[in-house]
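1. Provided below for reference: sequence and predicted model.
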Amino acid sequence: MFRSITKIQQAMAKQKYIADRAMTTTIFLANALKKPILLEGEAGVGKTEVAKVLAQMLHTKLIRLQCYEGLDANHALYEWNYPKQILRIQLAQAAQQNVRDEVGREIFSEEYLIKRPLLEAITSDSPVAPVLLIDEIDRADEEFEAFLLEVLSDFQISIPEIGTLKASQTPFVVLTSNRTREINDALKRRCLYLWISYPAFEREYEIVTTKVPRINKSLAAQICAFMQEVRKIDFYKKPGIAETLDWASALLVLNKDALDKQTVEETLGCIFKYNEDMEKVRNKQLEALLSSAHSRELYMALNS
Amino acid sequence: MAQTTDSRNLIKHELLWQVLAFCRVLKRMGVNVSMNRVIDAVRSLAYVDVCRRDDFYHALRANLVSCHEEIRVFDTAFDLFWRMPEEHGEVTDEGDEAPPVDPFANPGTESLRKQIMEIFVEEFADEDDQEKESEEEEVASYSPQEALVTKDFAAFDDSEIRELRELLARLAPKMATRLSRRTKPHVNGHDLEPRRTLRANIKYGGKIIELPRRRRKITKTKIVLLCDVSGSMDCYSKFLIQFIYALQAQLKGVETFVFSTRLTRITNLLRTRDIYEALNRISQNVVDWSGGTTIGPCIREFNEGPGRSLLSSRTIVIIISDGWDRGDSDLLGNEMRRLNSRSYKVIWLNPLAGSANYQPICTGMKVALPYVDYFLPAHNLNALLGLNRVLKTLAKK
């Protein structure tokens, strides 16, 4: 699968992910150089999806670490199963066993270890290296980044009671960031960088028709053209591909086969999640958007 | 196929030098290119077909670029460096390199090209000249920082701006750490703290008697900045925007607005790595820059619009303005009261308050003052450090 860039593109297409050359080249290189990929881009352009698709096409496990504020090593790496340890000690005491040596050793064995995503990725024994998704790294604290840096640089973890665990195979690491703050340069340096922008019309059209296969072709074109126009306007939250797909599915359920003013107004909630943005569209721009969407669709029909 | 190993090596060798030169140019353009990245970029080329221009391009880009803003510089330099007769043809065929969606990306490209061309010329000029030049550059950039800290922003000349920016960039992360969130031991916390539980109960022989708990130390403070960019603030706003830029780059949850007669949200505009680009974007998007001031309606616009979701008992509102208001002062008073009641603290930074004999006599400032928790000067860096101290004490509570 990783023999050529084109092969990757085909494999991803099989998983219904329409990837461009930039993405497949980066994935190809990440595999060749064994480097993590840092994915950045606007919300809803399919950053997280990349990791999921990768895991599917490699037939391997996806291990996901969702970052949040205050995430610390205990939740990312490992934790001792304290209640289980305590129970074991109390059992031993009840049985008048010598707690000190035997049980002491036992309760600090892997059996009593709760593996959190990072450790799980490192100790995974599946035939193919797992895909480790570190999602929304910008939400975690800076301190956590420093810690992550250490793990990602040599893929080994030292547990004082057990020893050093080293990954037998380097996991495929994907980091995503929504850029609510800048990521530490040192961490960036370890990664291959990929920026996912909003797709061009043709690619978005391909995505919609792949993901929502039952949709009417001309409606799909209208939807995509409309979204392309919408993204030219400055909104509080610009809609991504996720919104396009939601909208397409919604219109399919409603049995619509063309966009008109009323339909758009009724389903505006699929595209915009802020009232201010909806008002903005409703008040002035809806008709202009619609007409340029229609002319785009017409243009496409003429060309094909 | 027909190539001999020798000629292939020669080509590789030649290409290697070109890639290295290209990296040097990028570095001088401010792209964060480290030795490691250069090595990996060169290694990558062994895996892709370098005759395919788009693969060659993406392989270099994935390695050498580390944030979105750098892509524009990279693209321009790449085009200049490896210009092809058909120009882009191959890339656009694939449909994947659509013209950048970013509407701000285009206007500066010409000047960017010029800048890169100059670097090309310098880079391949006489080595001696080059050394001399870099020496000169260093001498020019040296100047004592202490003077800058107390100098009034209004008196800054262009050469000092860069220095100021560096100082600001160093100041902002300090503020950031003050506001981060950690857990701390607490008697009534929600989470059990297993490590401390074990340790605390060793003295009872392993029987669990004490249950130490922890809970989140809540210091997550949202900051809303409202910056006055009317004509009377002209000589200050330019610097204060840089301060805001530095602050926003380091802190999560900062929302920034500018106002003079209307309110404009610039949080997204500042979200770029390049301060010039940010300033450029702002000047294109803020229509009423250097206009008159009507603070009242602007605060109302904020209260009734974005404020509804942004204001909470954990929000610190920082208003940066000289308080010269030509609007209705009753309205301003009312809106300030609303703002104050719905936020944690209101801080007013006034550049004029720096002078020793400043009195808040202008009507705008007078009516607003009762609803301001901290009234601070903002005329120089020292004053901004004062803001730092206030934020620090607020975060502790």
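-> That came through, no problem.

2. What residues does the nearest residue to residue A:58 once chain neighbours are set aside make contact with?
-> Among residues not flanking residue A:58 along the chain, residue A:128 sits closest, at 5.3 Å (Cβ to Cβ, 6 or more residues apart in numbering or on different chains). Quick note: C-beta positions are derived from backbone N, CA and C, even for glycine. Residue A:128 sits next to A:58, A:59, A:60, A:169 when contact means Cβ atoms under 8 Å, 6 or more residues apart in numbering or on different chains.

3. In CSV: the residues you listed, plus neighbour count and pLDDT.
-> Supplementary listing: the contacts of residue A:128 in CSV, determined by neighbours: other Cβ atoms under 10 Å in any protein chain shown; pLDDT from 0 to 100:
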residue, neighbour count, pLDDT
A:58, 19, 91
A:59, 10, 92
A:60, 18, 93
A:169, 15, 87
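
4. what's the spacing between residue A:257 and residue A:223?
-> 11 Å (Cβ to Cβ, to the nearest Å).

5. Which one's more surrounded, the two?
-> Between residue A:257 and residue A:223, counting by other Cβ atoms under 10 Å in any protein chain shown, residue A:223 is the more crowded of the two (27 against 13).

6. host element of that one?
-> Assigned by DSSP states H and E, residue A:223 falls within helix A:217-230.

7. Rounded mean pLDDT for that helix, please.
-> The pLDDT scores in helix A:217-230 average 90.

8. Report all helices and strands that that helix contacts.
-> Contacts defined by 3 or more Cβ pairs under 8 Å, 6 or more residues apart in numbering or on different chains; DSSP states H and E place helix A:217-230 against helix A:201-211, helix A:241-253, helix A:286-303.

9. out of those, which comes closest to chain B?
-> Nearest to chain B among the helices and strands packed on helix A:217-230 is helix A:201-211; the distance by Cβ to the nearest Cβ comes to 4.8 Å.

10. ok, residue B:342 - contacts?
-> Residue B:342 neighbours (Cβ under 8 Å, 6+ apart): B:303, B:307, B:311, B:312, B:315.

11. got the residues of the stretch 151-300 of chain A near chain B?
-> Residues of the stretch 151-300 of chain A lying close to chain B by Cβ under 8 Å from any Cβ of the partner chain are A:179-182, A:185, A:188-189, A:191-195, A:197-200, A:202-203, A:231-232, A:234, A:236, A:276.

12. For the stretch 1-150 of chain B, just list every one of the helices.
-> For the stretch 1-150 of chain B, helices defined by DSSP state H, counting those that start in this stretch occupy the ranges B:5-28, B:35-45, B:53-64, B:68-81, B:89-94, B:109-123, B:127-141, B:145-150.

13. Now do the third one against helix B:35-45, angle only.
-> With axes from the mean of the first three to the mean of the last three Cα atoms, to 10 degrees defining the directions, helix B:53-64 sits at 150 degrees from helix B:35-45.

14. Could you pull out the buried residues of stretch B:348-363?
-> Neighbour counts using 16 or more other Cβ atoms under 10 Å in any protein chain shown place B:348, B:349, B:350, B:351, B:352, B:353, B:354, B:360, B:363 of stretch B:348-363 among the buried residues.

15. Need the max-distance pair from those residues.
-> Pairwise distances among the buried residues of stretch B:348-363 were taken by Cβ to Cβ; the largest, 20.6 Å, belongs to B:354 and B:363.

16. Which element, helix or strand, includes residue B:316?
-> strand B:315-320.

17. Give the pairing partners of that strand; include direction for each.
-> strand B:222-228 (parallel), strand B:345-350 (parallel) (DSSP bridges).

18. got those as JSON lines, with distance to residue B:274 and mean pLDDT columns?
-> Shown next, in JSON lines, are these (distance: least, Cβ to Cβ, whole Å; pLDDT from 0 to 100):
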{"stretch": "strand B:222-228", "distance to residue B:274": "20", "mean pLDDT": "87"}
{"stretch": "strand B:345-350", "distance to residue B:274": "25", "mean pLDDT": "87"}
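
19. if we can go back for a sec, mind checking which of the residues of the stretch 151-300 of chain A next to chain B are buried?
-> Counted by 16+ other Cβ under 10 Å, these give A:179, A:181, A:188-189, A:191-195, A:197-200, A:203, A:231 as buried.

20. ok, back up a step: pLDDT score for the residue nearest to residue A:58?
-> pLDDT at residue A:128 comes out at 89.

21. Go ahead and report the secondary structure state at it.
-> At residue A:128, secondary structure determined by DSSP: H, G, I helix; E, B strand; the rest coil is coil.

22. measure it to residue A:50 for me?
-> The spacing between residue A:128 and residue A:50, counted by Cβ to Cβ, is 17 Å.

23. Ok, residue A:26 next?
-> Note on residue A:26: its distance to residue A:50, by Cβ to Cβ, is 10 Å.

24. Next, show the common contact partners of those two.
-> Contacts common to residue A:26 and residue A:50, judged by Cβ under 8 Å, 6+ apart, are residue A:37.

25. Looking at those two, which is more packed in?
-> residue A:26 (29 against 24).

26. Check which helix or strand that one maps to.
-> Counting by DSSP H and E, residue A:26 is part of helix A:21-33.

27. which helices and strands does that helix pack with?
-> Partner elements for helix A:21-33 (3+ Cβ pairs under 8 Å, 6+ apart): helix A:5-14, strand A:37-41, helix A:47-58, strand A:192-196, helix B:35-45, helix B:53-64.

28. sorry, back to before: list the buried residues for the helix holding residue A:223?
-> Quick answer for helix A:217-230 (16+ other Cβ under 10 Å): A:219, A:220, A:221, A:222, A:223, A:224, A:225, A:226, A:227, A:228, A:229, A:230.

29. How many residues are close by the residue of the stretch 1-150 of chain A found nearest chain B?
-> Closest residue of the stretch 1-150 of chain A to chain B, Cβ to the nearest Cβ: residue A:20 (3.0 Å). A total of 20 residues lie near residue A:20 under the criterion other Cβ under 10 Å.

30. Return the backbone torsion pair for it.
-> Backbone geometry at residue A:20, expressed as degrees, to the nearest 10, gives phi -90, psi 180.

31. again with residue A:156
-> When read as degrees, to the nearest 10, the backbone of residue A:156 gives phi -140, psi 150.

32. Give me the three-state assignment for residue A:97.
-> Classification of residue A:97 using three-state DSSP returns coil.

33. Can you name the residues that contact the closest residue in space to it that isn't next to it in sequence?
-> Excluding its sequence neighbours, the residue lying closest to residue A:97 (Cβ to Cβ, 6+ apart) is residue A:103, at 6.3 Å. Residue A:103 makes contacts with A:88, A:89, A:92, A:97, as judged by Cβ under 8 Å, 6+ apart.

34. And residue B:44, by the same measure?
-> For residue B:44, the contacting residues are A:29, A:32, A:33, B:59, B:60, B:62, B:63, by Cβ under 8 Å, 6+ apart.

35. could you dump stretch A:198-205 to PDB, C-alpha only?
-> Taking C-alpha atoms only, stretch A:198-205 is exported to PDB below (Å, rounded to 0.1, in the frame of the first residue of the first chain):
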ATOM      1  CA  TYR A 198     -11.300  24.000   2.100                       C
ATOM      2  CA  PRO A 199     -11.500  21.900  -1.000                       C
ATOM      3  CA  ALA A 200     -11.900  23.400  -4.500                       C
ATOM      4  CA  PHE A 201     -15.200  22.900  -6.100                       C
ATOM      5  CA  GLU A 202     -14.300  19.800  -8.100                       C
ATOM      6  CA  ARG A 203     -12.900  18.000  -5.100                       C
ATOM      7  CA  GLU A 204     -15.800  19.000  -2.900                       C
ATOM      8  CA  TYR A 205     -18.200  17.700  -5.500                       C
END
